[in-house]
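[1] here's a sequence, model it:
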Amino acid sequence: MKPQTPKTEFWTGILHGSHNSLPAKITATRDDTRPEPYAWRCTCGESRSFPTNDDVFDTAWQHTHPRPLDGLRQRAARQRRTRHTR
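    Modelled structure (predicted):
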């Protein structure tokens with residue numbers, strides 16, 4: 001069963017993608033009772049909110065479709081972590 005959203009929260013879109021080679025799904029919502037009504041939540045647990053609708057989909061897209069440079073940064077961070085654990 002799907003989790004129910006509050007009656008004041010409306011879905012504005014869903015994005016599918018991946019990060020760290022794992023599938024991810026982002027749900028964009030609008031809730032006029034919040035100070036920053038536009039927000040997105042990812043299945044990985046990360047979320048962001050915005051005062052206007054302008055940056056919601058751009059940042060959500062970047063989160064699920066990292067640029068090649070972002071991939072290099074992630075790999076470098078993983079290598080640094082594995083070196084410290086040895």
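[2] from now on I want contacts and neighbour counts done on CA atoms only, so please keep to that.
    Will do.
[3] so how far is the longest helix anywhere in the chain from its chain's centroid?
    Ranked by number of residues, the top helix in the chain under DSSP state H is helix 68-85. Computed by CA atoms, centre = their mean, to the nearest Å, the chain-centroid distance of helix 68-85 equals 20 Å.
[4] can you list the low-confidence ranges for this protein?
    1-6, 20, 83-86 (pLDDT under 70).
[5] helices along that one, start to end?
    Along the chain, counting by DSSP H, helices occupy 56-64, 68-85.
[6] show me the contacts for the spatially closest residue to residue 27 that is not a sequence neighbour.
    Leaving out its chain neighbours, the residue that sits closest to residue 27 by CA to CA, 6 or more residues apart in numbering is residue 14, at 4.6 Å. Applying CA atoms under 8 Å, 6 or more residues apart in numbering to residue 14 gives the contacts 25, 26, 27, 28.
[7] count the neighbours of the last one for me.
    The burial metric for residue 28, expressed as a neighbour count using other CA atoms under 10 Å, is 23.
[8] so residue 66 makes contact with residue 19?
    Yes. Contact criterion CA atoms under 8 Å: residue 66 and residue 19 qualify, at 6.9 Å.
[9] may I see the buried residues of stretch 39-58?
    With burial defined by 16 or more other CA atoms under 10 Å, the residues of stretch 39-58 counted as buried are 39, 40, 41, 42, 49, 53, 56, 57.
[10] dump those residues into a markdown table; add distance to residue 71 as well.
    As requested, these are exported to a markdown table (distance: CA to CA, whole Å):
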| residue | distance to residue 71 |
| --- | --- |
| 39 | 25 |
| 40 | 22 |
| 41 | 21 |
| 42 | 18 |
| 49 | 24 |
| 53 | 27 |
| 56 | 22 |
| 57 | 20 |
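[11] please list the members of the residues you listed that lie in strands.
    Among the buried residues of stretch 39-58, the members falling in strands (DSSP state E) are 39, 40, 41, 42, 49.
[12] of all those residues, which two lie farthest apart?
    Farthest pair in these (CA to CA) is 42 and 49. Separation: 12.0 Å.
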